[in-house]
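[1] Any chance you can model this:
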Amino acid sequence: MYRLWMISVLVGMMIACAGTASHALKLLQPTPDQVVRENVRITIPVSELPPDFVVPEGETVPEKERPFLTLSVGAAGSERLVAALGPDAGMVKDGGVTFYWDSKASYRDPQDPGHERYFKDGKYTLTVQVYGPFMKLFDTATVNVELKNKVPRSSPAPAVRMVNRLVFGESHSYKVHAEVQVFHVVSGTKLPILGGMGMTSDFGIIQSVEDKRPDGSYLLRCRMEPEGFLSSFGKKLRLFALDQPKPQLYRLVDKYGNVITRNVFSRQGKYTIMDVLPVLPQQAVREGDSWPTTTDLKIEGITAVIPLTGASQLDSFEWQDGHECAKIISTLTGSSAIAMDNGRIRSSSDRVTATLVTFFAYKTGKMLRRDITLEFPASIMPGAGQIEGAGTGAEASGGTPYVAPLSPYPTEPGEEEDMRAPRMPPPRSPYSPPSTGRGMDTGEGAAKKGSVQINVVVKLGK
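    Numbers count the residues shown, from 1 in each chain. This next block holds a predicted model:
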């Protein structure tokens, strides 16, 4: 296994300045007209690569001398650059270098950067270009493939019944990764800005089945994994103190994912954790059928709890992690005031919209993945995104800043440590916006009309 060099995608935009390849590069995989799906394996013989293309782990090469490769998808003239990677993006084995293209990942059209797009099933041309030192084009390979991420079904397709199938005593861990993107809105067009902000939140939720009741409902113990981080401007902050109990609660839900009781024990009343189980229809459904949905979203370190309501629709059936999944698209709205970057980026309305794309393995009754896009209009104050004022904040709709960690009450006799309830900390925190300063409070400069998009991925752990 070799060390990965992640090359900026901007490098791929400069390929027109490079030289031309001398001969056609040979690919071991995929083969011509091969049917592919999900993570597409791409293998290049080591013998076809330029000298010193594969660098052993531990060695360093000056940036301008680093070799790299790019992958584009689409016919000539309409191809999309989807990756610019170092040569060791995969594994060197049996004389070949293998890396992968996530065919289900989104991409952005430079003419419309505010919207994510996806590759539909169909025939595509994959183009791999290998660059040697000083960005000199060494070789090019192309191959035609057929993308088939959708599960083939009969026509007319039968209705399916979906329920969350949980077993007493089992436990599942869901990894959550969130990224913040800020756009300046000009004449209705979203222009990405503050690319160096780099605000991300990473945490995990452990969901254990503590009881299965006669009515079919489940008592779930929801806990936050101890390692949770908020990152911004290269600074990394812990979401939870090492020496304090981590948030947890006991939640009662039915097999369709509807929450009956969010917090069974009053002593844990101040803990809040986002909903994980998908809300499913109580009847068999076909593609195109919809049903009402209510869920709570909380992005640790970035937002407080946001109650969302709307509708879900069975969009299609797709492969996900090797499983046949129902692809469910939910369109929801809610109310929350959100502030970040020391209050220099604030929601200009308390209305937020959310799109949830859920991949539910209906045969096993497990949610494998959920992609969430949360959007809201925002005011961008002067100085936003400057490293010298780096900081983040998240406010609930009532104006209370999100603060972590929480401090526990003393343990009462006979009460387990992990059942202790929290006590709210002092009102000021590193996450709360300043009361005085530039822009919003002093009137210095004018706010820009903007938009914030928070992309969240929730994945079931292996």
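
[2] ranges for the helices of the protein?
    Taking DSSP state H as the criterion, the chain carries its helices at 9-12.

[3] mind giving me the domain split of it?
    Using automatic domain parsing, the domain parsing of the chain gives 9-147, 171-460.

[4] Which of those has the highest mean neighbour count?
    domain 171-460 (a mean of 17; mean count of other CB atoms under 10 Å). Using the backbone N, CA and C atoms, a C-beta is placed for each residue, glycine as well.

[5] quick one: low-confidence ranges for the stretch 301-450 of the chain?
    Regions of the stretch 301-450 of the chain meeting the criterion pLDDT under 70 cover residues 385-445.

[6] Can you pull the phi/psi pair for residue 262?
    Backbone torsions for residue 262, taken as degrees, to the nearest 10, come to phi -80, psi -30.

[7] thinking again about what came up before, the domains of the chain into a markdown table, with extra columns for distance to residue 158?
    Below are the domains of the chain laid out as a markdown table (distance: least, CB to CB, whole Å):
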| stretch | distance to residue 158 |
| --- | --- |
| domain 9-147 | 21 |
| domain 171-460 | 8 |
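
[8] Near residue 169, how many other residues are there?
    For residue 169, the neighbour count with other CB atoms under 10 Å is 10.

[9] And stretch 177-192, how far out from the chain middle?
    Stretch 177-192 sits 16 Å away from the centroid of its parent chain (CA atoms, centre = their mean, to the nearest Å).

[10] where's residue 297 relative to residue 163, distance?
    If you measure residue 297 against residue 163 using CB to CB, to the nearest Å, the figure is 22 Å.

[11] likewise residue 334?
    Using CB to CB, residue 334 is found at 26 Å from residue 163.

[12] what do you get for residue 456?
    From residue 456 over to residue 163 the distance is 24 Å, taken as CB to CB.

[13] Would you map the strands across the stretch 101-250 of the chain?
    Secondary structure of the stretch 101-250 of the chain (DSSP state E, counting those that start in this stretch): strands located at 107-109, 112-117, 122-131, 137-147, 171-186, 189-193, 200-212, 218-224, 229-232, 235-238, 248-253.

[14] And the longest one, how far out from the chain middle?
    By that I understand strand 171-186. 5 Å.

[15] Give me the angle between it and strand 200-212.
    With axes from the mean of the first three to the mean of the last three CA atoms, to 10 degrees defining the directions, strand 171-186 sits at 140 degrees from strand 200-212.

[16] And for the third one?
    Between the axis of strand 122-131 and that of strand 200-212 there is an angle of 130 degrees, by the same axes, to 10 degrees.

[17] partners of strand 122-131 in the sheet?
    strand 68-73 (antiparallel), strand 137-147 (antiparallel) (DSSP bridges).

[18] I'd like the ones you listed written out as TSV, with mean pLDDT added.
    Output for the strands paired with strand 122-131, formatted as TSV (pLDDT from 0 to 100):
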stretch	mean pLDDT
strand 68-73	88
strand 137-147	90
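
[19] Adding distance to residue 246, write those out as TSV.
    As requested, the strands paired with strand 122-131 are exported to TSV (distance: least, CB to CB, whole Å):
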stretch	distance to residue 246
strand 68-73	40
strand 137-147	41
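
[20] what's near enough to touch the closest residue to residue 273 other than its chain neighbours?
    Spatial nearest neighbour of residue 273, excluding adjacent residues (CB to CB, 6 or more residues apart in numbering): residue 222 at 4.9 Å. Each residue near residue 222 by CB atoms under 8 Å, 6 or more residues apart in numbering is listed here: 205, 206, 207, 248, 249, 250, 251, 273, 276.

[21] repeat that with 7 Å
    205, 207, 248, 249, 251, 273 (CB atoms under 7 Å, 6 or more residues apart in numbering).

[22] Check residue 330 too.
    Neighbouring residues of residue 330 by CB under 7 Å, 6+ apart: 293, 310, 312, 356, 358.

[23] biggest separation within those residues, which pair?
    Longest distance between any two of the contacts of residue 330 is 13.1 Å, between 310 and 358; criterion CB to CB.

[24] returning to that earlier point: who is the residue nearest to residue 273 paired with across the strands?
    Note on residue 222: beta-bridge partners by DSSP bridges are residue 207, residue 249.

[25] Below-threshold pLDDT in the stretch 51-200 of the chain: ranges please.
    51-65, 87-88, 90, 113-114, 194-197.

[26] pretty sure residue 460 contacts residue 172?
    Yes - with contact defined as CB atoms under 7 Å, residue 460 reaches residue 172; the gap is 6.1 Å.

[27] doesn't residue 315 make contact with residue 150?
    No - with contact defined as CB under 7 Å, residue 150 does not count as touching residue 315 (10.1 Å).

[28] Just checking the distance from stretch 269-277 to the centre of its chain.
    Centroid separation for stretch 269-277 versus its chain: 19 Å, with CA atoms, centre = their mean.

[29] residues touching residue 216, list them.
    Counting by CB under 7 Å, 6+ apart, residue 216 has contacts 254, 255.

[30] What confidence value was assigned to it?
    Listed pLDDT for residue 216 reads 89.

[31] Report the spatially closest residue to residue 377, excluding sequence-adjacent ones.
    Using CB to CB, 6+ apart and skipping the chain neighbours, the partner closest in space to residue 377 is residue 348 (4.8 Å).
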